[in-house]
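*Asks:* Here's my sequence, what's the structure:
(chains A and B)
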Amino acid sequence: MAKTRTQLPKSPTGIQGLDEITGGGLPKGRPTLICGSAGCGKTLLAMEFLVRGATQFNEPGVFMAFEETAKDLTQNVASLGFDLKDLIARKKIVLDFVYIERSEIEESGEYDLEGLFIRLGQAVDAVHAKRVVLDTIESLFSGLPNTLILRAELRRLFRWLKDKGVTAIITGERGDETLTRQGLEEYVSDCVIVLDHRVNEQVSSRRLRIVKYRGSTHGTNEYPFLIDEDGFSVLPVTSLGLQEIASTARISTGIPRYDAMLGGEGYYKGSSVLVSGTAGTGKTSVAVLFAEAACRRGERALYFAFEESPSQIMRNMRSIGIDLEPWVKKGLLRFHANRPTFAGLEMHVLTISKTVKAFKPQVVIIDPLTSFITGNNENEVKMMVMRLLDLLKMNKCTVLFTSLILNGTVPEQNQVHVASLVDTWLLLRDIEIGGERNRGAYILKSRGMAHTNQIREFLLTDHGVELRDVYVGPSGVLTGSARLVQEAQEKAVQTLREQEVESRQLELERKRTVLDAQIAALRAEFAVQEIASMKIIGQEQAQEAQLMQERVDMGLSRKADVKTNRQKGDSK
Amino acid sequence: MKMKPIKPKPASREARTAEVKPSTYVLRLYVAGMLPQSVRAIDNVKKFCEENLRGRYELEVIDLHQQPQLAQGEQIIAVPTLIKKLPLPLRRIIGDMSKTERILVGLDLRKKA
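*Replies:* Numbers count the residues shown, from 1 in each chain, chains lettered A, B, ... in the order given. From the prediction side, this is the model:
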């Protein structure tokens, strides 16, 4: 029997992603410390926690500001779509600005912070607050003398907050060696979240990490987060558990011969495709054809261009006989173009995520992926791709990335960090033979389908892309005019051979005819001879008969031989 | 605790001359409950005023537990807090008022050493 585990009660923040990594929110009825350097979003996170609590979870809140005046705060968060004035008027939120001016204050003997307690207590009671934010309580240390008293009072304050049963956020500025300047983490020990804001290669990225969360499991990684017009959003990498159902449906690549190379049907629906190649090998063309094929089927395609403007792509594609404009006009194809340096990686992920959710495309193109790599952030790009893939798979999109391979690098090696994530990988590469540069295409991998292992020659023609068989023979792989030359040579040899056979046949025929003629001549000669011979034989016989007759006649005349003849006859 | 302003004692001869001066000190002392600390502060302030501002001050003692809304309005965090409303500039002195020197500095009666 599975026992239902008693979970630590949690207070949902309503912030996208944060509830996922905290397993449901911040510890209910306990203080949480949020620390980080200046400008990392502490106040905003705290404010969003309050506003969402008040609007979504019916938990009113108190915001005690030590740094910004109520007016400034209201204005600042208004740009994120939070209407604090309205919430205050509806008694959902109390905003109290604590004014401390060191130059006005003189200390004379022992004091305590009961004034703060009374103030806070009154505000909490006024709206029956369940959530409290103290932003940034460390200002007390710069505003009031005697840190010993302050420390003791803060300890009392956090205990008091717990007794009140309010879920509190205490913000703190990051210290040199400690998480906060005044070591607040010693007092607030239930949950500590660190925010970070770093700039790498002129592009800033924000990160969030849960350092500690007593009595609860939590995501321990550093998670990128964003602050945009919708407020705070954390993008947890691991929030998606590879649960998506793989489709067996296939969709065309837009290039018939390429479909044939992939077992005749094209990509799997919802899979990810990487098209990589050196400069000018036709990556964008492959991507555009795929998008166009989707539009032809009546599906929506979303094209993220990071190097070319939409009109540039459309112009260039017209040169190979592809007109994208009708699809754009029909609303089936949408371009989204900006520079990779326009924002940090996380911002791009979020932009893509938002656009995808709004447009609901079946096909997404990201062209090119490599432009995100600046310096040594390949790991981050990989993380980004992972998040993107998860996100797109969740939205059932088939995604095609293009990726530039720098000349002089090993193509397979260069791509390893994203290659393991994609399902199908088409490699386009230059083949240099005979003073020519031609394009070769082959499929490096394609998960879960039969695919060809052969290299094809990739041709960009005025009517699209063609994949031709390359010449594979005793002299190696030939492409371009070398292939044409070779083919011509082979044709010539073939013709020659055919001609030879023909002439031999003719010769034979001739010989037969000659022989036949000879035979006929001989026959004729024989016939002539035969006739002549017969004639001679006849003459001879006639002569002999003549001779005989003459002899008889002579004997008759002489009478000599009659007797003989009679005798002969008588004796019988 | 009573919230009535503590009336200054009849002014002495010196103080009467001072009364003509525009610099009447308007002081408020905020405490939280009648804790020993609060009582000490009240006593100390009264004593201080009598010794240094005789006849030219108004002192009001306020218990924040009775009027908690004043904590926000008057920007009180620490108690006891003595606020010098007039003459300007506004000054705050926190603590049980056991250090007379500091009060003198805090009320601009003496320059910081």
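
*Asks:* The residue nearest in space to the middle of chain B and residue B:92, how far apart?
*Replies:* Geometric centre of chain B, nearest residue: residue B:27, 4.1 Å, by CA atoms, centre = their mean. Residue B:27 is 11 Å from residue B:92, where distance means CB to CB, to the nearest Å. Placement of C-beta: from N, CA and C, glycine included.

*Asks:* likewise residue A:436?
*Replies:* 86 Å.

*Asks:* correct me, but residue A:178 touches residue A:194?
*Replies:* No. Using CB atoms under 8 Å, residue A:178 is not in contact with residue A:194; the gap is 11.3 Å.

*Asks:* Please identify which of the two sits among more neighbours.
*Replies:* Taking other CB atoms under 10 Å in any protein chain shown, residue A:178 and residue A:194 do not tie; residue A:194 has more neighbours (23 against 14).

*Asks:* Show me the shaky parts of chain B.
*Replies:* By pLDDT under 70, the low-scoring segments of chain B are B:1-22, B:111-113.

*Asks:* interface residues of it facing chain A?
*Replies:* Within chain B, the residues that sit near chain A (CB under 8 Å from any CB of the partner chain) are B:30, B:32-33, B:37, B:41, B:44, B:64-65, B:68-69, B:71-72, B:75-82, B:89-100, B:102-103, B:105-106.

*Asks:* And residue A:436 and residue B:92? Which one has more around it.
*Replies:* residue B:92 (22 against 13).

*Asks:* Give me the distance between the nearest residue to the more buried one once chain neighbours are set aside and residue B:94.
*Replies:* Of all residues not flanking residue B:92 in the chain, residue A:105 sits nearest, at 4.8 Å (CB to CB, 6 or more residues apart in numbering or on different chains). According to CB to CB, residue A:105 stands 6 Å off from residue B:94.

*Asks:* Common neighbours of those two, please.
*Replies:* The overlap between the contact sets of residue A:105 and residue B:94 (CB atoms under 8 Å, 6 or more residues apart in numbering or on different chains) consists of residue A:144.

*Asks:* Settle it for me: which of the two has more neighbours?
*Replies:* residue B:94 (31 against 19).

*Asks:* Run through the bridge partners of that one.
*Replies:* Counting by DSSP bridges, residue B:94 is bridged to residue A:107, residue B:81.

*Asks:* My guess is it contacts residue B:83. True?
*Replies:* No. Using CB under 8 Å, residue B:94 is not in contact with residue B:83, being 9.9 Å away.

*Asks:* Show me what the helix or strand harbouring residue A:197 is packed up against.
*Replies:* According to DSSP states H and E, residue A:197 maps onto strand A:191-200. If you count contacts as 3 or more CB pairs under 8 Å, 6 or more residues apart in numbering or on different chains; DSSP states H and E, strand A:191-200 packs onto strand A:31-36, helix A:42-56, strand A:203-213.

*Asks:* which other helices and strands contact the last one?
*Replies:* Using 3+ CB pairs under 8 Å, 6+ apart as the contact criterion, the secondary-structure elements in contact with strand A:203-213 are helix A:18-22, strand A:191-200, strand A:222-228, helix A:345-359.

*Asks:* Next, format these as CSV and append mean pLDDT.
*Replies:* Below are those laid out as CSV (pLDDT from 0 to 100):
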stretch, mean pLDDT
helix A:18-22, 84
strand A:191-200, 85
strand A:222-228, 79
helix A:345-359, 80
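
*Asks:* any chance of these in CSV, with distance to residue A:37 too?
*Replies:* Formatted as CSV, those follow (distance: least, CB to CB, whole Å):
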stretch, distance to residue A:37
helix A:18-22, 19
strand A:191-200, 6
strand A:222-228, 15
helix A:345-359, 18
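
*Asks:* Can you check which of those gets nearest to residue A:493?
*Replies:* Among the helices and strands packed on strand A:203-213, helix A:345-359 comes nearest to residue A:493, with 55.8 Å by CB to CB.

*Asks:* Can you list the helices and strands that that closest one packs against?
*Replies:* strand A:203-213, strand A:222-228, strand A:301-305, strand A:333-337, strand A:363-367, helix A:378-394.

*Asks:* Recalculate using a threshold of 6 Å.
*Replies:* strand A:222-228, helix A:378-394 (3 or more CB pairs under 6 Å, 6 or more residues apart in numbering or on different chains; DSSP states H and E).

*Asks:* could you give the angle of the shortest one to helix A:42-56?
*Replies:* Strand A:222-228 and helix A:42-56 are oriented at 70 degrees to each other (axes from the mean of the first three to the mean of the last three CA atoms, to 10 degrees).

*Asks:* Okay, now the sheet partners of strand A:222-228, with direction.
*Replies:* Strand A:222-228 is paired, per DSSP bridges, with strand A:203-213 (antiparallel), strand A:231-234 (antiparallel).

*Asks:* so of the ones you listed, which one's packed in deepest?
*Replies:* Scoring the strands paired with strand A:222-228 by mean neighbour count under mean count of other CB atoms under 10 Å in any protein chain shown gives strand A:231-234 as the most buried, with a mean of 22.

*Asks:* where does residue A:291 land on pLDDT?
*Replies:* Looking at residue A:291, its pLDDT reads 90.

*Asks:* so what's it closest to, chain neighbours aside?
*Replies:* Using CB to CB, 6+ apart, the nearest residue to residue A:291 is residue A:301, at 4.0 Å.

*Asks:* If I follow the layout properly, the one you found ends up in contact with residue A:364?
*Replies:* No. Under the criterion of CB atoms under 6 Å, residue A:301 is not in contact with residue A:364, lying 7.5 Å apart.

*Asks:* quick revisit: kindly reformat the helices and strands packed on strand A:191-200 as CSV containing mean pLDDT.
*Replies:* Formatted as CSV, the helices and strands packed on strand A:191-200 follow (pLDDT from 0 to 100):
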stretch, mean pLDDT
strand A:31-36, 89
helix A:42-56, 90
strand A:203-213, 83
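
*Asks:* want to throw those into TSV with distance to residue A:114?
*Replies:* TSV is the format used below for the helices and strands packed on strand A:191-200 (distance: least, CB to CB, whole Å):
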stretch	distance to residue A:114
strand A:31-36	19
helix A:42-56	24
strand A:203-213	30
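
*Asks:* on that earlier part again, for residue B:56, find the nearest of the strands paired with strand A:222-228.
*Replies:* Between the strands paired with strand A:222-228, strand A:231-234 lies closest to residue B:56; by CB to CB that is 54.9 Å.

*Asks:* what's the average pLDDT for the next helix or strand along the chain from the closest one?
*Replies:* Toward the C-terminus, strand A:231-234 is succeeded by strand A:250-251 as the next helix or strand (DSSP H and E). What strand A:250-251 shows for mean pLDDT is 87.

*Asks:* now what about strand A:250-251, what contacts it?
*Replies:* A:265, A:266, A:267, A:268, A:269 (CB atoms under 6 Å, 6 or more residues apart in numbering or on different chains).

*Asks:* Leaving out sequence neighbours, find the closest residue to the first one.
*Replies:* Spatial nearest neighbour of residue A:265, chain neighbours left out: residue A:250 (3.9 Å); criterion: CB to CB, 6+ apart.

*Asks:* other SSEs contacting the longest helix along chain B?
*Replies:* With secondary structure taken from DSSP state H, chain B has its longest helix at helix B:36-52. In terms of contacts (3+ CB pairs under 6 Å, 6+ apart), helix B:36-52 is packed against strand B:57-63.

*Asks:* 8 Å instead, please
*Replies:* For helix B:36-52, the elements it packs on are strand B:25-31, strand B:57-63, helix B:100-106, judged by 3+ CB pairs under 8 Å, 6+ apart.
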